[in-house]
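Visitor: I would like the atomic coordinates for the input below:
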Amino acid sequence: MAVEVKELLEAGVHFGHLTRKWDPNMAPYVYMERNGIHIINLYKTAAKIDEAGAALAKIAASGRKILFVATKKQAKDIVAEKAGSINMPYITERWPGGMLTNFVTIRKAVKKMASIDRMKKDGTFMTLSKKERLQVDRLRAKLEKNLGSISDMTRLPGALFVVDIKREHIAIKEAQKLNIPIFAMVDTNSDPRQVDYVIPANDDASKSIDKILSHVTNAISEGLAERKAEKEAAAAPKAEVQAKAAPAKAVVAEEEE
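Guide: I've put the predicted structure just below:
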């Protein structure tokens, strides 16, 4: 679905930062300056959303996960809701250092969470003393808060989607080290050269974040739907062959009798 410039304008996607705070590398995406604020060129934003959407749909169709990263207050709830709706992992609390570069350790922490859940199910938890139960509960709550949203991520993600690359610089560095493609909303105070797929946009206003993420998650869900359709199409001939083979097997069985 093509992105309308009018809807981006209404969501305030065009408002950049104060001109004195700008990063000169964002010059190609700046339309003009007004009242000491840079205005982002929304025609370029619309084109970049389409470009990023097509690439993300392809990654989703290949079966890889896309990890969403946004720890700033205005973006947290939006990202949790949008990423959760398409079953993609997200980080909205503090970025756990080594989340990507030391993924094995992070997986161990996630497994620890699962083992606590198992303890509670099989009754082992109740054999602990009151003090130990309290400690285990606290540990479980802490792990859930920081890693609960990535518990289904069993391998490194196929891509990262970031809101505010200045704030999430550690996540960006880790992804760069592992050559994981980075998609991001980039405001006029940030360096777009750190990102593979730049979406020039206001990354401070919740309406703007919501608008961009709606387009991004729609593109991903299209990719997921494509993958599902391909799987079903591949499964259909197999089912047909099995259905045809069943009567033949029955005949052979009768003859043997």
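Visitor: where does the stretch 51-200 of the chain dip in pLDDT?
Guide: In the predicted model, the stretch 51-200 of the chain carries no residue with pLDDT under 70.
Visitor: how about the strands of it, start to end?
Guide: Remark: strands assigned in the stretch 51-200 of the chain by DSSP state E, counting those that start in this stretch are 66-69, 90-91, 159-163, 182-186, 197-200.
Visitor: Show residues contacting the third one.
Guide: It refers to strand 159-163. 55-56, 59, 64, 66-70, 72, 75, 79, 168, 171-172, 175, 180-185, 195, 203, 209, 213, 216 (CB atoms under 8 Å, 6 or more residues apart in numbering). All C-beta atoms are positioned from the backbone trio N, CA, C, and that covers glycine.
Visitor: Can you flag the buried ones in those?
Guide: When those are checked for burial by 16 or more other CB atoms under 10 Å, the buried set is 55-56, 59, 66-70, 72, 75, 79, 168, 171-172, 175, 180-185, 195, 203, 209, 213, 216.
Visitor: which residues of the stretch 1-150 of the chain fall in helices?
Guide: 5-10, 42-61, 73-85, 103-122, 130-147 (DSSP state H, counting those that start in this stretch).
Visitor: got those as JSON lines, with distance to G36 columns?
Guide: What follows is the helices of the stretch 1-150 of the chain, written out as JSON lines (distance: least, CB to CB, whole Å):
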{"stretch": "helix 5-10", "distance to G36": "20"}
{"stretch": "helix 42-61", "distance to G36": "20"}
{"stretch": "helix 73-85", "distance to G36": "22"}
{"stretch": "helix 103-122", "distance to G36": "43"}
{"stretch": "helix 130-147", "distance to G36": "39"}
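Visitor: Which one of these lies nearest to M26?
Guide: helix 42-61 (10.7 Å; CB to CB).
Visitor: can you state the direction angle for the closest one and strand 159-163?
Guide: 140 degrees (axes from the mean of the first three to the mean of the last three CA atoms, to 10 degrees).
Visitor: Helix 42-61 packs against which elements?
Guide: helix 5-10, strand 66-69, strand 159-163, strand 182-186, strand 197-200, helix 206-256 (3 or more CB pairs under 8 Å, 6 or more residues apart in numbering; DSSP states H and E).
Visitor: could you redo the last one with a cut-off of 10 Å?
Guide: helix 5-10, strand 30-34, strand 66-69, strand 159-163, strand 182-186, strand 197-200, helix 206-256 (3 or more CB pairs under 10 Å, 6 or more residues apart in numbering; DSSP states H and E).
Visitor: May I have that helix exported as CSV, CA atoms only?
Guide: Provided in CSV are the C-alpha atoms of helix 42-61 (Å, rounded to 0.1, in the frame of the first residue of the first chain):
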residue,chain,number,x,y,z
LEU,A,42,8.0,13.9,3.4
TYR,A,43,8.2,12.8,-0.2
LYS,A,44,11.6,11.2,0.6
THR,A,45,10.1,9.7,3.8
ALA,A,46,7.2,8.1,1.9
ALA,A,47,9.7,6.6,-0.7
LYS,A,48,11.9,5.3,2.1
ILE,A,49,9.0,3.7,4.0
ASP,A,50,8.1,1.8,0.8
GLU,A,51,11.7,0.7,0.3
ALA,A,52,12.1,-0.4,3.9
GLY,A,53,8.7,-2.1,3.9
ALA,A,54,9.6,-4.2,0.8
ALA,A,55,12.9,-5.3,2.4
LEU,A,56,11.2,-6.1,5.7
ALA,A,57,8.4,-8.1,4.0
LYS,A,58,11.1,-10.2,2.2
ILE,A,59,12.9,-10.9,5.6
ALA,A,60,9.6,-11.9,7.2
ALA,A,61,8.7,-14.1,4.3
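Visitor: Compute the inter-axis angle for that helix and strand 182-186.
Guide: Using the same axes, to 10 degrees: helix 42-61 against strand 182-186 is 150 degrees.
Visitor: Show me what counts as buried in helix 42-61.
Guide: Within helix 42-61, the residues scored as buried using 16+ other CB under 10 Å are 42, 44-46, 48-49, 52-53, 55-57, 59-61.
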